[in-house]
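S.K.: Provided below are the primary sequence and the corresponding predicted coordinates.
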Amino acid sequence: MRILILLVMACWSFTNRAAAALRPPGVPTVRKHLVYLRDKANTPYSLSAPQRFLTARALERRTRQGIALQPRDLPVDPVYVEQVQSVSGAKVWYTSRWFNAVVVECDSATLAVVQALPCVRSARTLNRSGVGVVVSPVGEGSVPTVARPAGTRAGYGRAYAQTHQIGADVMHDAGFRGEGMQIAVFDGGFPGVNTGAVFASLYQENRLASVYNFVGRDQNVYQYDNHGTLVLSTMAGNQPGVFIGTAPQATYHLFVTEDVASEHPVEEVNWLIAAERADSLGIDIINSSLGYNTFDAPSVDYTYAELDGRTALSTRAATVAGRVGMLVVSSAGNEGNNRWRYLTAPADADSILTVGAVDSLGARANFSSIGPTADNRLKPNVSAMGRQAAFVYPSGAIGRGNGTSFSSPITAGLAAGFWQAHPTLTPQQVIEYLQRSASQATTPDTLLGYGIPNFGRAQQAVAGIPLPTAPTVGVGNRVQLYPNPVPAGAAACTLQLPAELRSQPLEVRLYDVRGALVTTLLLPASNAAIVQLPTTALRPGVYSCRLGRSGGPPYTLRLIRL
């Protein structure tokens, strides 16, 4: 994962070389390897008894989505694992159901013995281990700053701009804050999460379901790199008046998959094992603000041609995660203004939601990785605020920084609330509706994908209401209604008028879905660009709002009352 600033990278390079120099001469180099097994023919597990390897929540998720169990879901044959483990010098770290493989730590001579076992099909080396050095980079592609005061809506603090841009504030008003949704965050560490006020409700309300460190095989996650803390805050932050994230009431799982002391494909396998655990726990959404394209020697870099949705280890894992019913939300990467330019794995997977970065005005951030994939699929899917995005440091201080590391979790929180509102949808349908709601839905490109998604427009898409040709977020020279949907109990919504509709009387008529006139409002001539429409008398439902004016055709908008 490329999250290091230049100075930190230089420090790591020196300390890692020094650690290697400490290895006594003649001592074999110990590496981790992904050892693929031949089959699952004699496994004691059965698809007819999935409760032995999947939780009730995982099975319910698959049943709800109509996903049949397949042989890839079966655990590896324990007899094969024992055979590998019995080789002197071989240490089995993890097993992989989806890849039918084991992660083995051993030297090259031991690996040759392991590969000669009848149960082994093949193996690939994942890393070169050494004395680990933990550093603390600040965030993928980011140059952090102290947050400047910004216009806020009561409660959200400095997170308001990134929340409002995608309509997540409207989503919260509608009662969808992620309740009942489970989100796994894959990252490099979460210092301060167990002590910070912005995360206190996770513990008070028992919404931190599990933690695990896949690098060290323990539960020590509240240390190492602070990148995970920053990422988590954009979703889970829940300190009213200070900082509110996009899914402040969701349940979270914190998984350390990233070893920030080095960069090798073993981290992609950590990603795989974490995704399998997320599957078995019945988790709904994975946020991955991680990216892989170049590695430390002797590991071999990916080429752009290999970003084809079928090659990279993490991409293959993300694809399976999507197909077993989880929504994977992935940062596109921060390579847009360097020689690589393109996505990083696993953002090239074909069944996940890949997110690029924009600023608060909706303009593309130049660092945001671009598509297409090597096999010419459109990526990213959507984009959200990643330039000068707000987040919370482990200390509790609020900062701003740059990176698709932030646009991804901001969008994941939106997806959680939207999916909560429509629990019968599949992950692919969630992706489809968010794409249809986005600012470039009719003209997607390889820079921003379908553009900036919006909760209100996604709600309209689900309801089968024709979407306007322009987004409802952002101020422009057109008529807009917001919040839309109008939250239950709201006394009014806001009508924004372009210059051509000011200084003249307007007649506003609201019709229900049957075409029956519900109410007529007369707005006197005014120079005001913003007027309030009373909504107290409106029942929940979908309405057509028609603005009549003298000497011109009427304007028609759709209004949803929750």
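M.R.: The structure has been received and is ready for your questions.

S.K.: What is the burial count for S210?
M.R.: By other Cβ atoms under 10 Å, 17 other residues sit near S210. Quick note: C-beta positions are derived from backbone N, CA and C, even for glycine.

S.K.: how about the helices in this protein?
M.R.: Secondary structure of the chain by DSSP state H: the helices cover 6-21, 56-65, 78-85, 108-115, 160-165, 168-173, 200-204, 227-236, 266-281, 313-323, 404-421, 427-436, 455-462.

S.K.: Same list, those, but as a markdown table with distance to F214 and mean pLDDT please.
M.R.: Converted to a markdown table, the helices of the chain look like this (distance: least, Cβ to Cβ, whole Å; pLDDT from 0 to 100):
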| stretch | distance to F214 | mean pLDDT |
| --- | --- | --- |
| helix 6-21 | 20 | 31 |
| helix 56-65 | 19 | 96 |
| helix 78-85 | 18 | 98 |
| helix 108-115 | 21 | 97 |
| helix 160-165 | 29 | 95 |
| helix 168-173 | 30 | 92 |
| helix 200-204 | 20 | 97 |
| helix 227-236 | 13 | 98 |
| helix 266-281 | 4 | 98 |
| helix 313-323 | 12 | 98 |
| helix 404-421 | 19 | 97 |
| helix 427-436 | 23 | 96 |
| helix 455-462 | 33 | 90 |
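
S.K.: Out of those, which gets nearest to T246?
M.R.: Using Cβ to Cβ as the measure, helix 404-421 is the one of the helices of the chain that comes nearest T246, at 2.6 Å.

S.K.: quick check: angle from that closest one to helix 455-462?
M.R.: Between helix 404-421 and helix 455-462, the angle formed by their directions is 50 degrees, by axes from the mean of the first three to the mean of the last three Cα atoms, to 10 degrees.

S.K.: coming back round to it: need the helices of the chain in CSV with distance to Y252 and mean neighbour count, can you?
M.R.: Listed next are those as CSV, based on distance: least, Cβ to Cβ, whole Å; neighbours: other Cβ atoms under 10 Å:
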stretch, distance to Y252, mean neighbour count
helix 6-21, 27, 13
helix 56-65, 15, 16
helix 78-85, 31, 16
helix 108-115, 37, 15
helix 160-165, 18, 24
helix 168-173, 17, 26
helix 200-204, 6, 15
helix 227-236, 6, 29
helix 266-281, 11, 24
helix 313-323, 17, 24
helix 404-421, 10, 30
helix 427-436, 18, 21
helix 455-462, 21, 24
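
S.K.: These: which one's closest to A516?
M.R.: Ranking these by distance to A516, with Cβ to Cβ as the measure, places helix 455-462 first at 20.3 Å.

S.K.: before we move on, back to that, out of the helices of the chain, nearest to M181?
M.R.: Across the helices of the chain (criterion: Cβ to Cβ), the nearest stretch is helix 404-421, sitting at 4.3 Å.

S.K.: So, low pLDDT: which residues of the protein?
M.R.: Scanning the chain for pLDDT under 70 picks out 1-29, 128-152, 465-478, 513-515, 550-553.

S.K.: Redo the helices of the chain as CSV? Include distance to L506.
M.R.: Written out in CSV, the entries for those read as follows (distance: least, Cβ to Cβ, whole Å):
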stretch, distance to L506
helix 6-21, 57
helix 56-65, 46
helix 78-85, 73
helix 108-115, 77
helix 160-165, 26
helix 168-173, 24
helix 200-204, 44
helix 227-236, 40
helix 266-281, 52
helix 313-323, 47
helix 404-421, 32
helix 427-436, 30
helix 455-462, 22
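
S.K.: For V256, which of the ones you listed is the nearest?
M.R.: So among the helices of the chain, helix 227-236 is nearest, using Cβ to Cβ, at 7.2 Å.

S.K.: tell me what that closest one is packed against?
M.R.: If you count contacts as 3 or more Cβ pairs under 8 Å, 6 or more residues apart in numbering; DSSP states H and E, helix 227-236 packs onto strand 182-187, strand 251-256, strand 389-392, helix 404-421.

S.K.: List the residues that contact V266.
M.R.: 32, 103, 126-127, 259 (Cβ atoms under 8 Å, 6 or more residues apart in numbering).

S.K.: and what of V221?
M.R.: Residues 189-190, 193, 211-213, 228, 254-256 are the ones in contact with V221 under the rule Cβ under 8 Å, 6+ apart.

S.K.: quick one on the thing from earlier: I'd like to know which of the helices of the chain is closest to P534.
M.R.: P534 lies closest to helix 168-173 among the helices of the chain, at 16.9 Å (Cβ to Cβ).

S.K.: so what does that closest one touch, helix or strand wise?
M.R.: Contacts defined by 3+ Cβ pairs under 8 Å, 6+ apart place helix 168-173 against helix 404-421, helix 455-462.

S.K.: Show residues contacting it.
M.R.: The contact list for helix 168-173 (Cβ under 8 Å, 6+ apart) reads 153, 156, 160, 163, 177, 244, 246, 248, 410, 413-414, 417-418, 421, 455-456, 482-485, 487, 490.

S.K.: before we move on, back to that, and Q435, which of the helices and strands packed on helix 168-173 is closest to it?
M.R.: Across the helices and strands packed on helix 168-173 (criterion: Cβ to Cβ), the nearest stretch is helix 455-462, sitting at 9.2 Å.

S.K.: CA atoms only: put the closest one into CSV for me.
M.R.: Once side chains and other backbone atoms are set aside, the C-alpha atoms of helix 455-462 remain, and they are given as CSV (Å, rounded to 0.1, in the frame of the first residue of the first chain):
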residue,chain,number,x,y,z
PHE,A,455,-28.7,9.6,-1.7
GLY,A,456,-31.8,11.5,-2.8
ARG,A,457,-31.3,10.7,-6.4
ALA,A,458,-30.6,7.0,-5.6
GLN,A,459,-33.9,7.0,-3.7
GLN,A,460,-35.6,8.3,-6.8
ALA,A,461,-34.0,5.6,-8.9
VAL,A,462,-35.2,2.9,-6.6
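
S.K.: Lovely, talk soon.
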